[in-house]
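Engineer: After the sequence you'll find the predicted model.
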Amino acid sequence: MAKVLMKGNEAIGEAAIRAGCLNYFAYPITPQSEVAEYLVRRMPEVGGVFLQGESEVAVGYMLFGAAGAGARVFTTSSSPGISLMSEAISYLAGAQCPAVFVNIVRGGPGLGGILPSQGDYFQATKGIGHGDCRMLVLAPASVQEAVEMVMKAFPLAEKYRNPVMILGDGLIGQMMEPVEFPDDLKTEPSNKDAWASNGMDTRKSKTRNLVKSLFLDPAALNENNLQLKAKYDRMRKEEVLFEKYNADADYRALIVSFGTMSRVCRTAIDMMKEEGIEIAMLRPQTLFPFPEEAVADACQKPSCTHVMSIEMSMGQMVEDVDRSVKGHVPVSWYGKCGGEIPTPEEIIDVVKSRIA
Amino acid sequence: MGKTFKRPESLTDAHTHYCPGCTHGVVHRLVAEAIDELGIRGRTVGIAPVGCAVMAYNYFDCDFQEAAHGRAPAMATGIKRVRPDLMVFTYQGDGDLASIGMGEIIHAANRGEKFTTIFVNNAVYGMTGGQMAPTTMPDQRTTTSPLGRNVNEVGMPIKVAELIAALQTPAYITRQTVIKPKYINKAKKAIKQAFTYQVENKCYSFVEVVSTCPTNWGMTPLEAVDWTEKTLLSYYIPGDYKVPA
């Protein structure tokens, strides 16, 4: 298959279509508006649905309605817009409907900035919506990986009947990289007749389906939550994804880093290797479920005296790293906000000072 | 001799939780009759609001979704865009539609999304215990306007039918009431017409139904009917505000 040079935002839009998702509702926000500008032309070519909603609030509920009626559906947004979709995501989780959300993260909090950031880690993995609501969170580090994660997100959302998030950042959205769309990642939408409000005639059924999240009876609501927890527990068992870099060496420190930040760390690791300093990296590809066991294992290496979480934020993933390391070795954090991306040289300086 | 009056197929046999003198029961029935008469129950999806009708899905016998407060028009948009063959209606109260959901209803109506809205306007927030609504009348006492709605502080009540009729695209906008049989007959025709337009894939339809809330108005059902006729209907004037050409 030939590779095409594509801007991340456009590749993400194309990836959804190649995955068999032909329904897109969205609202413009920097740095991801190009997805809508690409799909407005592309969706009609494939007989799909495109609608620019009036706000991210409305878009979240357009997704919920469409998903509840059994359609495969996705949206893209960026940090403040994702905040506006928080309630809808909670409703999707509570009503057990699948949908895919892509967050091209920008600086925050508040209006923040338009440059890349990783400051929505907590939001995505711990607080995406009120109640006991979790999302499976995938974190790509390249445009190619973003394409593959988007394509995998749809069957995952349907497997769990839960919203799924791709946590990108402004770099992923704006960079142009060579990309291919693997045919074997195209999937057919699952049959949703068991639960979707897709019309009784569609199902040839005489009983109605209700898409709802209200359970006033405490036993019934507890039961719904037990079902949700079972799904999240299953995600923890079956969906953890991560990559290790230079882990065969006797590394003196372990860097934990995700997304585009991990690429800078990789360069730093290569540069330190040339100086004779071995450092390894564990790159989570799923942020929820977090690769706790893998991090715990990786810091057991006798030569490893330090674990560092390097993030484009004021330190969010570091708390999950800390929890996984369980005090075996010291854990610290390094990062920057505002779109000030740490350079390899900075990282090298910090790592050296921490392992000294 | 057979039965001449029975429960519509589109209603379940559940006992509703609505108060004595509440008009939800009448409106539910009129909507269900329209669905039955048009033969569309098998492809209808209703969207329940947050409000007294939050459990409308227990009373209507067709597919239903439960919306977040105010968001039903956005959900209806999502459904209609991916499944234009489904008959979709939103059933909303004054808090749901005219307060938190004002953005969603205006935009869905303005885009001309081809679903039907039934707007139950009883000038108060019923389910949460009687707070002031955007449709509460001047000087009307509610739990959050205990001395009466002070229009100098919070403005005049909103006439939603007129507001939506001011947009160019929405084509069928009507206001009805169901407090007496003569009004019910007209309301039935309007509601059936609204659903008929959707069957014909013609336009967005909006039916406002001026309704009673004896419990939160602090009145008996008969006093509530009286007050509706004297005070509400002289401000929220029934009639067709827009009819498709």
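Structural biologist: Thanks, I have it.
Engineer: Give the residue spans of the chain that score low on pLDDT.
Structural biologist: Reading this off chain A. A:1 (pLDDT under 70).
Engineer: hm, I was asking about chain B
Structural biologist: By pLDDT under 70, the low-scoring segments of chain B are B:1.
Engineer: Determine the longest helix present in the chain.
Structural biologist: In the absence of a named chain, chain A is used. Longest helix of chain A, by residue count under DSSP state H: helix A:218-238.
Engineer: The chain in question should be chain B.
Structural biologist: Under DSSP H, chain B gives helix B:181-199 as its longest helix.
Engineer: Is there proximity between that one and chain A?
Structural biologist: No: Helix B:181-199 is not in contact with chain A by CB under 8 Å from any CB of the partner chain; minimum separation 13.6 Å. C-beta coordinates here come from the backbone N, C-alpha and C atoms, glycine included.
Engineer: other SSEs contacting that helix?
Structural biologist: helix B:24-38, strand B:87-93, strand B:116-121, strand B:172-177, strand B:205-210 (3 or more CB pairs under 8 Å, 6 or more residues apart in numbering or on different chains; DSSP states H and E).
Engineer: Could you pick out the residues of chain B near chain A for me?
Structural biologist: Near chain A, when you scan chain B using CB under 8 Å from any CB, you find B:41-45, B:47-48, B:54-55, B:57, B:61-68, B:71, B:74-79, B:81-83, B:85-86, B:103-104, B:107.
Engineer: Can you go through the residues you listed and name the buried ones?
Structural biologist: B:41-45, B:47-48, B:54-55, B:57, B:61-68, B:71, B:74-79, B:81-83, B:86, B:103-104, B:107 (16 or more other CB atoms under 10 Å in any protein chain shown).
Engineer: for the residue located most distally from the centre of chain A, what are its contacts?
Structural biologist: Checked against the mean C-alpha position of chain A, the extreme residue using CA atoms, centre = their mean is A:Lys206, at a distance of 38.9 Å. By CB atoms under 8 Å, 6 or more residues apart in numbering or on different chains, the contact list for A:Lys206 reads A:Met200.
Engineer: Skipping its backbone neighbours, what lies nearest the residue nearest the centre of chain B in space?
Structural biologist: Nearest to the mean C-alpha position of chain B, by CA atoms, centre = their mean, lies B:Phe119 at 2.1 Å. Nearest non-adjacent residue to B:Phe119, counting by CB to CB, 6 or more residues apart in numbering or on different chains: B:Glu208, 4.5 Å away.
Engineer: And the one you found, how far from A:Glu34?
Structural biologist: 41 Å (CB to CB, to the nearest Å).
Engineer: The two: which has the busier surroundings?
Structural biologist: Relative neighbour count places B:Glu208 above the other of B:Glu208 and A:Glu34, with 28 against 20, counting by other CB atoms under 10 Å in any protein chain shown.
Engineer: beta partners of that one?
Structural biologist: B:Phe119, B:Arg175 (DSSP bridges).
Engineer: thinking again about what came up before, so is the residue farthest from the centre of chain A in a helix, a strand, or just coil?
Structural biologist: State at A:Lys206, reduced to three classes by DSSP: H, G, I helix; E, B strand; the rest coil: coil.
Engineer: Direction included, what does the helix or strand harbouring B:Tyr241 pair against?
Structural biologist: Assigned by DSSP states H and E, B:Tyr241 falls within strand B:239-242. Sheet pairing of strand B:239-242 (DSSP bridges) gives strand B:172-177 (antiparallel).
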